[in-house]
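Colleague: Next one to model:
(chains A and B)
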Amino acid sequence: MTTSNSVSDRGASRTITLHVNGKTCLGHAEPRVNLVDFLRGELKLTGTHVGCEHGVCGACTILVDGVSARGCLMLAVQADGANISTVEGLAASDGTFHPLQQAFHELHALQCGFCTPGILMSAAELLANNSVPDEQTVREMLSGHLCRCTGYTNIVTAVLRAAALLRGE
Amino acid sequence: MKAPAFDYLAPTTLEQALGYLSEVEGARVLAGGQSLMAMLNMRYAFPDCLIDINRISALSYIRESGGLLEFGSMTRQRDVEFSALVAERLPLLKEAVLNVGHRQTRNRGTVGGSLCQLDPSAEIPTIAMAMDAQVFVASVRGRRTIAMADFPAGYMDPALEPDEMLVGVGFEPWPEGHGHAFVEFSRRHGDFAVVSAAVLLLFGADDLLSRVSITLGGVAAAPVRMTMAENALLQTRCAPADLARAAAVCGTVEATSDSYVPGWYRQHLAGVLSQRALNIALERARKK
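Modeller: Numbering: from 1, shown residues only, chains lettered A, B, ... in the order given. Next comes the predicted model:
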């Protein structure tokens, strides 16, 4: 392949300001850089994982202005000014687990952990909008994620447990 | 993989966007990005420039206008899913949209994006075909309306001029008391349908079927209306034999083969799924 001169001025880097887990962050990215690569490469927030890069596996799921989205199917420039929540924002500043993390830990809802950050964010969105989800609702949420080691049963149980923990039960 | 280099414009008004679209060569409109971003990442698409219409808030709405329920091209699939108006007036669309991808992709995926992507298995184009939707497009040269039947120019190819953009779509709700059903077969919930069937039934005053719509998704280059099956049902009382006859016609649809699914299997599914959809729609229809 030859290096094309026609792209030399195309897609010059831009400054992006966004709010990640409540903190204002500034970085630079070409338009072609997707949001998850920006979070990991530019902002060094490597908690969010990159899997398939075409929106199927769910590993890169984050919350954009409170709603779940694939970090690989959004450009970083599109997130300029947005509020982003990632797995790094779940635990308390002293390291205390979020009830979801606690439940995943206790119920063996992860093994290798590659898919976990995305699942935690989708589950966080679900529980923020529904404090008493039934099993079917959790399974539907989980249908947007692929896990290749533990299987899904423990994940479903853990999300239901986290919902109970959040209700103070 | 990573997307190729492209330029990026983010207009905030439709006029700006249409201006860019007419001036910038090799530009492509970016709506929700749930297909285009994947195509960029896999380097199936090489636009010189993306015109991102996500910041044009005027393109996001669900409203009643002149007997139609209209959606802006940037209306998110999640907004359709949770709209009380859609649930009440367009129950077929509501039922179908629950099968569009997953919650995480419906949050960003749009009505207009799905229509322009025009995947033959996609739910929203199938319902647009089933309901004879009107597609509203605009360019710097003006606006025009395209009947959904004329919108697919070919496989995943909407009948838009290079400087045109889909700005909205209008659905005419069927009268109260109509029956509806959308069923699809896919390997996993949220996957693209191998085949889908959408049915609408309306009984007249004499308890004979006065209106029928039967559409198959996933079988051909674009969703297809099964006119012969519809005609076989019109003016019947929808006895089991009538439904079976219509479903049998659906089972003879000319279906495409690909490396995953042979045509004969799609035909088989077309017969089975249309029968199921007819049964459900009949249960829901109210006889006068």
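Colleague: From now on I want contacts and neighbour counts done on CA atoms only, so please keep to that.
Modeller: OK.
Colleague: all helices for chain A, in order.
Modeller: A:35-37, A:99-106, A:116-129, A:135-142, A:153-166 (DSSP state H).
Colleague: And the stretch 101-250 of chain B, by the same measure?
Modeller: In chain order, the stretch 101-250 of chain B shows helices spanning B:103-106, B:111-117, B:123-130, B:227-233, B:240-250, with DSSP state H, counting those that start in this stretch as the criterion.
Colleague: With distance to chain A as new columns, can those be given to me in a markdown table?
Modeller: Shown next, in a markdown table, are those (distance: least, Cα to the nearest Cα, whole Å):
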| stretch | distance to chain A |
| --- | --- |
| helix B:103-106 | 5 |
| helix B:111-117 | 14 |
| helix B:123-130 | 17 |
| helix B:227-233 | 34 |
| helix B:240-250 | 30 |
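Colleague: Let me know which of those helices is tucked in deepest.
Modeller: Comparing the helices of the stretch 101-250 of chain B by mean neighbour count (mean count of other Cα atoms under 10 Å in any protein chain shown), helix B:123-130 ranks first with a mean of 28.
Colleague: Now mean pLDDT and distance to chain B too, for the helices of chain A, in TSV please.
Modeller: Below are these laid out as TSV (pLDDT from 0 to 100; distance: least, Cα to the nearest Cα, whole Å):
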stretch	mean pLDDT	distance to chain B
helix A:35-37	98	10
helix A:99-106	98	18
helix A:116-129	98	8
helix A:135-142	96	7
helix A:153-166	98	16
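Colleague: now, of the ones you listed, which is deepest in the fold?
Modeller: helix A:35-37 (a mean of 24).
Colleague: which residues does the closest residue to B:Tyr61 other than its chain neighbours bridge with?
Modeller: Nearest non-adjacent residue to B:Tyr61, counting by Cα to Cα, 6 or more residues apart in numbering or on different chains: B:Gly72, 5.1 Å away. Beta-bridge partners of B:Gly72, counted by DSSP bridges, are B:Gly168.
Colleague: Which residues are in contact with the closest residue to B:Lys2 other than its chain neighbours?
Modeller: Among residues not flanking B:Lys2 along the chain, B:Asn41 sits closest, at 4.8 Å (Cα to Cα, 6+ apart). Residues in contact with B:Asn41, defined by Cα atoms under 8 Å, 6 or more residues apart in numbering or on different chains, are A:53-54, B:1-4.
Colleague: Over to B:Leu36?
Modeller: Neighbouring residues of B:Leu36 by Cα under 8 Å, 6+ apart: B:30, B:45.
Colleague: Looking at it now. What's its pLDDT?
Modeller: B:Leu36 carries a pLDDT value of 97.
Colleague: Quick one: the strands in chain A, in order.
Modeller: Along chain A, the segments classed as strands by DSSP state E run A:14-20, A:23-29, A:61-64, A:67-70, A:83-85.
Colleague: In CSV: the ones you listed, plus mean neighbour count.
Modeller: As requested, the strands of chain A are exported to CSV (neighbours: other Cα atoms under 10 Å in any protein chain shown):
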stretch, mean neighbour count
strand A:14-20, 17
strand A:23-29, 15
strand A:61-64, 27
strand A:67-70, 25
strand A:83-85, 21
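Colleague: got a markdown table for those strands, with mean pLDDT too?
Modeller: Below are the strands of chain A laid out as a markdown table (pLDDT from 0 to 100):
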| stretch | mean pLDDT |
| --- | --- |
| strand A:14-20 | 97 |
| strand A:23-29 | 97 |
| strand A:61-64 | 98 |
| strand A:67-70 | 98 |
| strand A:83-85 | 98 |
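Colleague: what's the closest of the ones you listed to B:Ile51?
Modeller: B:Ile51 lies closest, by Cα to Cα, to one member of these: strand A:14-20, at 15.8 Å.
Colleague: That closest one vs strand A:23-29, what angle?
Modeller: Here strand A:14-20 runs at an angle of 150 degrees relative to strand A:23-29 (axes from the mean of the first three to the mean of the last three Cα atoms, to 10 degrees).
Colleague: Show me what the longest helix seen in chain B is packed against.
Modeller: In chain B, taking DSSP H as the definition, the longest helix is helix B:263-284. Under the contact criterion of 3 or more Cα pairs under 8 Å, 6 or more residues apart in numbering or on different chains; DSSP states H and E, helix B:263-284 touches strand B:179-185, strand B:195-203, strand B:209-217, helix B:240-250.
Colleague: how about JSON lines for the ones you listed, with mean pLDDT added?
Modeller: What follows is these, written out as JSON lines (pLDDT from 0 to 100):
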{"stretch": "strand B:179-185", "mean pLDDT": "98"}
{"stretch": "strand B:195-203", "mean pLDDT": "98"}
{"stretch": "strand B:209-217", "mean pLDDT": "98"}
{"stretch": "helix B:240-250", "mean pLDDT": "97"}
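Colleague: if I pick the closest residue to B:Ala232 other than its chain neighbours, what's in contact with it?
Modeller: Spatially, and ignoring its direct neighbours in sequence, B:Ala232 is nearest to B:Ala246 (6.0 Å; Cα to Cα, 6+ apart). With contact taken as Cα under 8 Å, 6+ apart, B:Ala246 is in contact with B:229-230, B:232-233, B:275.
Colleague: just checking, B:Met74 touches B:Val111?
Modeller: Yes: contact criterion Cα atoms under 8 Å: B:Met74 and B:Val111 qualify, at 6.5 Å.
Colleague: Can you name the residues bridging to the spatially most central residue of chain A?
Modeller: Nearest to the mean C-alpha position of chain A, by Cα atoms, centre = their mean, lies A:Ile62 at 2.8 Å. Judged by DSSP bridges, the bridge partners of A:Ile62 are A:Ala69.
Colleague: who are the neighbours in contact with it?
Modeller: A:48, A:68-71, A:84-87, A:118, A:121-122.
Colleague: 10 Å instead, please
Modeller: A:35-36, A:48-49, A:68-72, A:84-87, A:117-122, A:124-125, B:104 (Cα atoms under 10 Å, 6 or more residues apart in numbering or on different chains).
Colleague: Now do stretch B:101-121: distance to the chain's middle.
Modeller: In terms of Cα atoms, centre = their mean, to the nearest Å, the centre of stretch B:101-121 is set 9 Å apart from its chain centre.
Colleague: Look at it and report the distance between its end residues.
Modeller: One end of stretch B:101-121 sits 12 Å from the other (Cα to Cα, to the nearest Å).
Colleague: can you give me the mean pLDDT across the helix or strand encompassing B:Ser22?
Modeller: Using DSSP states H and E, B:Ser22 sits in helix B:14-23. Helix B:14-23 carries an average pLDDT of 98.
Colleague: That one: what's the following helix or strand?
Modeller: strand B:27-30.
Colleague: that older thread, ok, the residue nearest to B:Tyr61 touching B:Glu64?
Modeller: No: with contact defined as Cα atoms under 10 Å, B:Gly72 and B:Glu64 do not form a contacting pair (11.6 Å).
Colleague: and these two? which has more neighbours close in?
Modeller: For B:Gly72 versus B:Glu64, neighbours defined as other Cα atoms under 10 Å in any protein chain shown are more numerous around B:Gly72 (22 against 14).
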